[in-house]
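Novice: Got a predicted structure plus its sequence, pasted below:
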Amino acid sequence: MIQVKNLTKKYKEVEAVKGVSFTVEEGTVFGLLGENGAGKTTTLRMLATMIKPTSGTALINELDLVDEPDNVRGRIGILFGGDTGLYDRLTARENIEYFGLLNGMSKSDISKRVDELSKKLDMEEYIDRRVGKFSKGMKQKVSIARSIVHDPNIMLLDEPTTGLDVTSVRIVHEFILDQKNEGKTIIFSSHSMSEVEKLCDVVGIINKGKLIEISTLDGLKNKFNNNNLEDIFVELVGEKSEY
């Protein structure tokens, strides 16, 4: 479970995230929906312990984000869109193994886990090849495996399909649904209405740093008497919303 409590982040005079609070139950995909610059990435980076909140906190499986950041890191998996951050000179296996070691896994456990993920993600053909010449979709599979090599039960996914082709997007979507079916707790940020509708159980709409709506998809549609999520989003944030 994830319990976010009045999470706030200020950069000098700019308040990027303004007192955000929400709860994500175990085995749930929570969609953080908002335009670019709305505060999605800042929120996810705070939850990932990559940046420190100005105020507020979150409980990650009952561990306090502010008081126990090192313990929190070992219980989360992180996948960001854009640059995969893989080491081009290492093989796919070596990239995954390295992150297993960083998470304190034994070499024998890492070896078993890499073989399992290689088969699961259909990477066996190229698991021992250097990633430098991989396609974007192949690299994303390696990034997925790297993010879950330690089998975390919390996943933080910040626009993980950014810049991917249709086939690669399907890989990420299947991964998210697979993790959900395994009972993992997932926060998924996106500005894509179709992704949110396909993947999320609950959606939180963030605008100018504030969480302005939290509901199930059906709840949102009933509240606004509209089956079109894009129309609802525009009604909430405004067509010319800027951050």
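Specialist: Now that the structure is in, tell me what you want to look at. Residues are numbered from 1 along each chain as shown.

Novice: Going along the chain from the longest helix along the chain, find the next helix or strand for me.
Specialist: In the chain, taking DSSP state H as the definition, the longest helix is helix 166-181. Using DSSP states H and E, the next helix or strand after helix 166-181 towards the C-terminus is strand 185-190.

Novice: what's the angle between that following strand and helix 166-181?
Specialist: Relative orientation of strand 185-190 versus helix 166-181 (axes from the mean of the first three to the mean of the last three C-alpha atoms, to 10 degrees): 150 degrees.

Novice: hmm, who's touching strand 185-190?
Specialist: Outside strand 185-190, the residues that touch it by C-beta atoms under 8 Å, 6 or more residues apart in numbering are 1-2, 24-34, 40-41, 43-44, 47, 153-161, 176, 179-180, 195-196, 199-200. C-beta: built from backbone N, CA, C; applies to glycine.

Novice: what's the answer for stretch 169-178, then?
Specialist: With C-beta under 8 Å, 6+ apart, stretch 169-178 has contacts from 29, 79, 121, 137, 140-141, 144, 155, 157, 160-161, 164, 186, 188, 195, 198-199.

Novice: Enumerate every residue touching the most centrally placed residue in the chain.
Specialist: Computing the C-alpha centroid of the chain and ranking residues by C-alpha atoms, centre = their mean puts Leu157 first, at 1.0 Å. Listed by C-beta under 8 Å, 6+ apart, the contact set of Leu157 reads 78-80, 176, 186-189.

Novice: Could you turn the buried ones of the contacts of stretch 169-178 into a PyMOL selection?
Specialist: Applying 16 or more other C-beta atoms under 10 Å to the contacts of stretch 169-178, the buried members can be selected in PyMOL as follows:
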select buried, resi 29+79+121+137+140+141+144+155+157+160+161+164+186+188+195+199
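
Novice: Could you tell me which of the contacts of stretch 169-178 belong to strands?
Specialist: Those of the contacts of stretch 169-178 mapping onto strands are 29, 79, 155, 157, 186, 188, per DSSP state E.

Novice: Tell me which two in the residues you listed are the farthest apart.
Specialist: Farthest pair in the ones in strands among the contacts of stretch 169-178 (C-beta to C-beta) is Val29 and Leu79. Separation: 13.3 Å.

Novice: what about the strands in this protein?
Specialist: Ranges of strands within the chain are 2-11, 14-24, 29-33, 55-60, 63-64, 76-80, 154-158, 185-190, 202-207, 210-216, based on DSSP E.

Novice: For these, give me CSV that also has mean pLDDT and distance to Leu236.
Specialist: Compiled in CSV, these are given as follows (pLDDT from 0 to 100; distance: least, C-beta to C-beta, whole Å):
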stretch, mean pLDDT, distance to Leu236
strand 2-11, 96, 20
strand 14-24, 95, 16
strand 29-33, 94, 10
strand 55-60, 96, 23
strand 63-64, 95, 31
strand 76-80, 89, 26
strand 154-158, 92, 21
strand 185-190, 92, 16
strand 202-207, 94, 6
strand 210-216, 95, 6
